[in-house]
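Peer 1: show me the folded form of this:
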Amino acid sequence: MTALQTAVESLIKKIQQATQTTQRLTVALELPANTDLIDWMESQPLFPKFYWQSRDSREEVVALGQIKTFTDPMAAEKVLLDEQRIWGGRSFDGRTSRNRRCLSSFFFLPQLEVIRLDGNWQLAVNLSADDKESTLQALSQITPDTSEVPEIKSKILGRSYAPDFAGWSAMIGNALDAISQNLFEKVVLARRTTLQLDLPVSPAQLLKASRSRNISSFHFMMAMDAKHCFVGSTPERLFLRQERDLQTEALAGTIGRGQDLSEDDQLAQWLMDDNKNRYENRLVVDDIVSRLVPRCETMNVAETPELVRLRKVQHLKRSIGAQLNEQVYSADLLDSLQPTAAIAGLPRDKALDFITEHEPFARGWYSGAVGFLSRQRSEFCVAIRSALIMGEELHLFAGAGIVPGSTADSEWQELDRKTSTLCSLLGSDEPELERKSA
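Peer 2: Purely as a prediction, here's the structure:
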């Protein structure tokens with residue numbers, strides 16, 4: 001990537017000539033259309049690392065190194081310059097009594113970003129007013145030599161679940177009892193699947209394989225260091241905010257894909273007509289609308305759900321657009337919308353209490369929000385269809401909305417379909433019986 005070397009050298013000169021008040025510099029990059037940012041990112045020694053590809057694939061960013069970190073996105077939003085973005089996310093249950101190890105949120109202003117928007121590339125750096133040397137040092141560590149991330153060769157030897165099927169069945173029974181007693185209308189319960197592999201898989205391998213096969217999804221990777229990484233390919237947007245324009249959505253209601261076009265259409269029609277799934281989707285719409293009303297001048301909600309077809313599942317989605325009031329920050333929207341009824345339940349607090357009491361693991365970053373925040377434009381996805389990679393450990397996560405009519409068996413199968421978004425990227429040496437058993 002000689003163009004990158006040229007851009008780095010150009011930026012170094014600009015930084016050396018920059019005034020004390022300069023906080024961001026960019027240069028254009030002339031890179032081939034087939035340049036793979038995941039390959040490049042994997043070759044770089046800087047941490048934290050953050051990878052982002054928008055759902056429409058128009059924007060792709062790698063952010064490396066940190067000028068400053070934030071646990072409060074509002075504090076960051078108020079000091080950012082116009083072109084600066086912080087990257088990171090908010091966890092589902094970090095810094096709570098059950099998950100003190102996970103941060104409640106982590107955002108960082110990166111030392112450098114490589115950005116592709118449509119066919120245009122940029123290299124950007126952020127500068128600290130009193131420490132330009134750290135950015136110069138980061139640029140000096142950038143290596144132009146890129147090795148291609150190898151294809152996944154790992155095979156699944158076995159898997160374990162938290163909860164197992166017996167625990168899942170008991171948890172669903174408790175949830176349906178609570179719903180019948182009007183403690184809440186819906187709760188989203190999750191399962192962690194831990195894979196035993198013959199060979200470790202790297203985060204970059206999983207991300208690259210998923211990006212090539214799971215289209216119409218946000219793809220992200222957040223690595224604090226070389227041994228702790230959160231990766232995902234999620235279809236669900238939490239929100240996109242551009243100035244005062246807001247787009248969000250209710251993605252709830254799920255069925256699998258068919259073996260052929262005819263079966264696929266039959267399943268899709270069943271989903272569109274099914275009262276349980278439409279009710280589950282409506283609850284999410286109602287929750288989002290109620291949370292946005294105080295922050296919006298106008299709002300437009302799609303009258304009927306549309307079908308979203310992904311590689312392994314089909315979903316119901318209703319789009320919601322709004323015009324925000326003056327002086328609404330993106331951090332305000334994070335507070336209002338996350339966690340939505342699509343990943344927690346309704347009412348939120350009652351559902352969260354049930355999750356805390358009954359789920360046998362801490363969710364951490366799973367079902368949190370991941371993305372970027374800036375003064376003009378912010379976008380976050382809901383961190384589902386995700387994996388936590390810690391050294392040689394690989395944990396996958398999936399959840400299912402529990403409402404009247406839910407059964408333990410059908411929801412367990414839904415978890416399998418959702419987990420297969422990433423699981424199917426790996427080979428398998430599991431016995432057939434083990435794969436099918438609950």
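
Peer 1: span of stretch 97-108 from start to end?
Peer 2: 25 Å (Cα to Cα, to the nearest Å).

Peer 1: repeat for stretch 39-55
Peer 2: 20 Å.

Peer 1: buried residues in that stretch?
Peer 2: 40-44, 46, 48-55 (16 or more other Cβ atoms under 10 Å). Every residue, glycine included, has its C-beta placed from N, CA and C.

Peer 1: gap between stretch 399-410 and the chain center?
Peer 2: Counting by Cα atoms, centre = their mean, to the nearest Å, stretch 399-410 is centred 23 Å from the centre of its parent chain.

Peer 1: give me the contact list for that stretch.
Peer 2: 165, 168-169, 172-173, 175-176, 179-180, 185-191, 252, 254, 275-276, 279-280, 283, 342-343, 345, 367, 384, 411, 414-415, 418, 438 (Cβ atoms under 8 Å, 6 or more residues apart in numbering).

Peer 1: which stretches of the stretch 251-400 of the chain form strands?
Peer 2: In the stretch 251-400 of the chain, the strands defined using DSSP state E, counting those that start in this stretch lie at 296-301, 306-309, 313-324, 345-346, 369-373, 377-382, 386-390, 393-402.

Peer 1: ok, back up a step: restricted to helices, list the buried residues of stretch 39-55.
Peer 2: Among those, the members falling in helices (DSSP state H) are 40-42.

Peer 1: stretch 51-67: end-to-end distance?
Peer 2: Start-to-end, stretch 51-67 (Cα to Cα) is 17 Å.

Peer 1: repeat that for stretch 81-94.
Peer 2: Start-to-end, stretch 81-94 (Cα to Cα) is 28 Å.

Peer 1: put the buried members of the contacts of stretch 399-410 into a PyMOL selection.
Peer 2: In PyMOL, a selection of the buried entries from the contacts of stretch 399-410 looks like this (16+ other Cβ under 10 Å):
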select buried, resi 168+169+172+175+176+179+185+186+187+188+189+190+191+252+254+279+280+283+342+343+345+367+384+411+414+415+418
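
Peer 1: so which of the contacts of stretch 399-410 are in helices?
Peer 2: Using DSSP H, the contacts of stretch 399-410 in helices are 165, 168-169, 172-173, 175-176, 179-180, 275-276, 279-280, 283, 411, 414-415, 418.

Peer 1: need the contact list for the residue nearest to S217 when sequence neighbours are not counted.
Peer 2: What sits nearest to S217 in space, not counting adjacent residues and going by Cβ to Cβ, 6 or more residues apart in numbering, is S233, at 4.4 Å. By Cβ under 8 Å, 6+ apart, the contact set of S233 is 207, 210-211, 214, 217-220, 385-386, 421-422.

Peer 1: if you set the cut-off to 6 Å instead, what comes out?
Peer 2: Counting by Cβ atoms under 6 Å, 6 or more residues apart in numbering, S233 makes contact with 210, 214, 217, 219, 385.

Peer 1: ok, and the most crowded of those residues?
Peer 2: Counting neighbours by other Cβ atoms under 10 Å, R385 leads those with 29 neighbours.

Peer 1: that residue against T419, yeah?
Peer 2: No - in this structure, R385 is not within contact of T419 by Cβ atoms under 6 Å, at 8.3 Å.

Peer 1: so which of the buried residues of stretch 39-55 comes closest to E392?
Peer 2: When the buried residues of stretch 39-55 are compared for distance to E392 (Cβ to Cβ), E42 wins out at 17.4 Å.

Peer 1: and the pLDDT for the closest one?
Peer 2: Looking at E42, its pLDDT reads 96.

Peer 1: grab the nearest non-local neighbour of it.
Peer 2: Distances taken as Cβ to Cβ, 6+ apart place A204 nearest to E42, at 4.2 Å, with adjacent residues excluded.

Peer 1: and what of A190?
Peer 2: G399 (3.8 Å).

Peer 1: swap in L195?
Peer 2: L394 (4.7 Å).

Peer 1: fine by me, thanks again.
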